[in-house]
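# what follows is a predicted structure for the sequence shown.
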Amino acid sequence: MFGKMKDAALSKSVKAALNRYMKEYGKMLKLELDSKSKKVMMEVMLEGEKEPLRVEVERYELTESDGKHYLKIYGIHTSRAWINTVAATYLEGKAFEVPEQYVSVLKLVV
C-alpha cells in the first residue's frame, strides 16, 4: 500500500516537472509509475495532434558508471506504429545520461 501511495505522489511530481520541460511540444495528461515492477504508462497530448499519444514502458533501470547516472528503457509500446519503430531502433536498451538535477528524483522511483 505504501508503495502505491509513493508511486502516485512521484507520478504527480514527475508529471508536473515533465510538463514544464515539454511545454513547447504538448502536455502530459497522465503518468503512472510502478516502481515495484519498474513500469511506466503515460498519455501525452502533442501539439497539432487530435488524439493523445499513449506510451508504455515495460521496464526501466537506472545505472551508475564513473559518477554519472544513466537510464535504460525496454519494451516501449505506443499508440502510433511509426513511433514504435523509431523507439525500437533508437531507444530500446540504450543508456541515456540523466542530468544531475534529476538523479535524486529518479532514485526515488527505482
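That came through, no problem.
# doesn't Val40 belong to a helix?
No - with DSSP: H, G, I helix; E, B strand; the rest coil as the criterion, Val40 is located in strand rather than a helix.
# can you tell me the closest non-neighbouring residue to it?
Leaving aside its chain neighbours, Val40 sits nearest to Val57 (4.2 Å; criterion: C-beta to C-beta, 6 or more residues apart in numbering). (C-beta placed from N, C-alpha, C; glycine too.)
# just the CA trace of the strand ranked longest in the chain, in CSV.
The residue-count maximum for a strand in the chain (DSSP state E) belongs to strand 53-65. Taking C-alpha atoms only, strand 53-65 is exported to CSV below (Å, rounded to 0.1, in the frame of the first residue of the first chain):
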residue,chain,number,x,y,z
LEU,A,53,-0.2,9.5,-27.6
ARG,A,54,-0.1,6.6,-25.2
VAL,A,55,3.3,5.3,-24.2
GLU,A,56,4.0,2.2,-22.1
VAL,A,57,7.5,1.1,-20.9
GLU,A,58,7.7,-2.5,-19.7
ARG,A,59,10.9,-2.0,-17.8
TYR,A,60,13.3,0.7,-16.9
GLU,A,61,16.6,0.8,-15.0
LEU,A,62,18.9,3.4,-13.6
THR,A,63,22.6,2.6,-13.5
GLU,A,64,25.7,4.5,-12.5
SER,A,65,29.2,4.5,-14.1
